[in-house]
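[1] Got a sequence here, can you build the structure:
(one chain, ligands or ions: 1)
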Amino acid sequence: MSMMSIRAATPRDREAIRLVEEHAFGQQAEAGLVDALVDGGDVVVELVAEEDGQVVGHILFSRLYVQNGADSFPAVALAPLAVEPDFHRSGIGGALIREAHIRLRDAGETLAVVLGDPAYYGRFGYAHDRAAGFESDYQCEELQALAWGDAPETGRLAYAPAFGTALAA
Ligand SMILES: CC(C)(COP(=O)(O)OP(=O)(O)OC[C@H]1O[C@@H](n2cnc3c(N)ncnc32)[C@H](O)[C@@H]1OP(=O)(O)O)[C@@H](O)C(=O)NCCC(=O)NCCS
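    Numbers count the residues shown, from 1 in each chain. Predicted coordinates:
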């Protein structure tokens, strides 16, 4: 029987992570975003899922600020999340999200934002209603948030610089 395990990503995982991202998305943009977030020092939590020693899943949460005038509240952005296509629908994506949430809460984080399919992220507590009050270039029904504690409900979302450069490339 195969065994899935989840652990923090290390510098030795970079190539394996790049391949999982490229295979999952069928393009290089997300792999480039990951590299840019790591290079920019913006990673808050980054995990990999392994099956029999092979990296088959990856999740990254980066620093995001909610800006209200002079106030800047630290939150996190979930992106990207990727699972090797041969391993889809076996619970790996969900396990990565849940484990990352535990670690984020333990670290004192109170707010996570994601841009993605509400049918998927809704399973993990994300809701557009919680994000509807934020100002963002990405504001739409797919912008969702999950709060574990006191956190702003309005303000401008300022993503890590990599989102403006890696994804535009
Ligand atoms: C999205 C993704 C990470 C899910 O990984 P996974 O390990 O297959 O997910 P899980 O096994 O935890 O959950 C699978 C369930 O989610 C559903 N699901 C998967 N992607 C979905 C989506 N985009 N919208 C709605 N439901 C989705 C599946 O139908 C499945 O439902 P079921 O259990 O009722 O059959 C994976 O499909 C993937 O890497 N996709 C390509 C990259 C991508 O789109 N990433 C997210 C962008 S923000």
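[2] Doesn't Met14 lie inside a helix?
    Not Met; residue 14 is Arg. Yes: counting by DSSP: H, G, I helix; E, B strand; the rest coil, Arg14 is found in a helix.
[3] dump the residue contacts of it.
    By C-beta atoms under 8 Å, 6 or more residues apart in numbering, the contact set of Arg14 is Asp35, Val38. For the C-beta atoms, the positions are set from N, CA and C on the backbone; glycine is no exception.
[4] Next to the ligand in this structure, residues from this structure, please.
    24-25, 80-83, 88-94, 116-117, 119-120 (C-beta under 6 Å from any ligand atom).
[5] and the residue in the chain positioned nearest to the ligand, what helix or strand is that in?
    Taking C-beta to the nearest ligand atom as the measure, the chain has Gly93 as its residue closest to the ligand, at 2.6 Å. Assigned by DSSP states H and E, Gly93 belongs to helix 92-106.
[6] name the helices or strands packed onto that helix?
    strand 4-8, strand 43-51, strand 54-68, strand 71-83 (3 or more C-beta pairs under 8 Å, 6 or more residues apart in numbering; DSSP states H and E).
[7] Let's see that with 6 Å instead.
    In terms of contacts (3 or more C-beta pairs under 6 Å, 6 or more residues apart in numbering; DSSP states H and E), helix 92-106 is packed against strand 43-51, strand 54-68.
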